[in-house]
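Undergrad: predicted structure and sequence below. I'll ask about it afterward.
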Amino acid sequence: MTRIETKLRTAVAARPQDRFDRLDALRAVAVVWMVVFHFCFDLNHFRLMTPPQRFLSDPFWTMQRTAIVSLFMVCAGLSQAVALSAGLGWSRFWRRWGQVAGCAVLVSAGSAFMFPESWISFGVLHGLAVMLLLLRVLVPPLLRRWAGGSWQMQALLWGTGALALMAPRFAASEVFNGRWGNWTGLVTRLPFTQDYVPVLPWLAPVLWGLALGLWLLAHRRSWLTAPVPWARLGQRLAVVGRWSLSIYMVHQPLLIGALTVWVQLRG
């Protein structure tokens, strides 16, 4: 075990009370925002919004989607910073990764039933599954060389994130336009699908969240571990954030089911 790993594990062991409620609360903000956004989308799908909205082209809606996904990805990076700093083993990683990947398969199956012409082959959970695996394989060797809060590690993560953000503009090719290649994000034509979150450029906010998390854990740990502001509301948000994957999976079936019943009752 390297000296850096020893320090990280000692620091974590010395703070068993750390729950990172602030991180959970931040993730909950993304969850609540997502549920509200999808509820509006479903209302529009059932023609219950007047006037009808253009979710795929109106900047008011497209910018919200980008912000929601970006916040989810930043939170994923922050969570990985906590996991890597705590020295969590591969068994726990595979257990969580299996949940994400399994839910991604269910999302594809459910969307194929609802939207056979535009089913989700690579959405948020698909992208997260690939990106989490990349971080787990590539980042630990770097942490054995540089501390997470060091300028070298920070420069590498922020710089790589910037490259990931710009890659689709400079490395796009028609070769990647099919379903078996569009997961890269290096497409010249966006696929017709209900959700599309490719590795590039969305790896960028994950890397930036990871960089921010590592820096905070090294220099401002209390910003993540201090009590959540606004007492009861903050604590409730933290609970919601800890169940984010479950809420992600059940909220749309519940919303669509409820609206279907409502439409039927209205005749």
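TA: Received it, and whenever you're ready, just let me know what you need.
Undergrad: element containing residue 19?
TA: Using DSSP states H and E, residue 19 sits within no helix or strand.
Undergrad: what count of nearby residues applies to it?
TA: The tally of other residues near residue 19 (other CB atoms under 10 Å) stands at 15. All C-beta spots, glycine's among them, are computed from the backbone N, C-alpha and C.
Undergrad: which pLDDT value belongs to it?
TA: With respect to pLDDT, residue 19 scores 74.
Undergrad: now residue 110, nearest residue through space, not along the chain?
TA: Nearest residue to residue 110 in three dimensions, chain neighbours excluded: residue 253, at 7.5 Å (CB to CB, 6 or more residues apart in numbering).
Undergrad: helix, strand or coil for the one you found?
TA: Look at residue 253: counting by DSSP: H, G, I helix; E, B strand; the rest coil, its state is helix.
Undergrad: and residue 230, how many neighbours does it have?
TA: Neighbours of residue 230 (other CB under 10 Å): 11.
Undergrad: now do the phi/psi pair for it.
TA: In terms of degrees, to the nearest 10, the main-chain angles of residue 230 are phi 60, psi 30.
Undergrad: and the pLDDT for it?
TA: On the pLDDT scale, residue 230 gets 76.
Undergrad: ok, the closest residue to residue 209 other than its chain neighbours to residue 158 distance?
TA: Distances taken as CB to CB, 6+ apart place residue 77 nearest to residue 209, at 2.3 Å, with adjacent residues excluded. According to CB to CB, to the nearest Å, residue 77 stands 11 Å off from residue 158.
Undergrad: could you point out the helix or strand that follows the helix or strand hosting the residue nearest to residue 209?
TA: Assessed by DSSP H and E, residue 77 sits inside helix 59-85. On the C-terminal side of helix 59-85, the closest following helix or strand by DSSP H and E is helix 90-114.
Undergrad: list the buried residues in that next one.
TA: 93, 97, 100-101, 103-104, 107-108, 110-111 (16 or more other CB atoms under 10 Å).
Undergrad: which one among these gets closest to residue 246?
TA: Using CB to CB, residue 103 comes nearest to residue 246 of the buried residues of helix 90-114, at 9.1 Å.
Undergrad: on that earlier part again, and the residue nearest to residue 209, how many neighbours?
TA: Based on other CB under 10 Å, the number of other residues close to residue 77 is 26.
Undergrad: got a pLDDT number for it?
TA: For residue 77, pLDDT reads 97.
Undergrad: could you do residue 49 as well?
TA: For residue 49, pLDDT reads 91.
Undergrad: and it, which of the three is it?
TA: coil.
Undergrad: what of the one 3 residues further on?
TA: Secondary structure state of residue 52, per three-state DSSP, is coil.
Undergrad: what residues are up against the nearest residue to it once chain neighbours are set aside?
TA: If the residues on either side of it in the chain are set aside, residue 52 comes closest to residue 44, at 6.2 Å by CB to CB, 6+ apart. Residue 44 makes contact with 52-53, 55, according to CB atoms under 8 Å, 6 or more residues apart in numbering.
Undergrad: ditto for residue 183
TA: Counted by CB under 8 Å, 6+ apart, residue 183 has contacts 121-122, 126-127, 130, 198-199.
Undergrad: related to what we said a few turns ago, which two among the buried residues of helix 90-114 are spaced furthest apart?
TA: The widest separation within the buried residues of helix 90-114 (CB to CB) is 26.7 Å, between 93 and 111.
Undergrad: hmm, back to that, now the contacts of residue 44: which count as buried?
TA: Counted by 16+ other CB under 10 Å, those give 53, 55 as buried.
Undergrad: in contact with the residue lying closest to residue 179 once chain neighbours are set aside, which residues?
TA: Spatial nearest neighbour of residue 179, excluding adjacent residues (CB to CB, 6+ apart): residue 121 at 5.1 Å. Counting by CB under 8 Å, 6+ apart, residue 121 touches 108, 179, 182-183, 191, 193.
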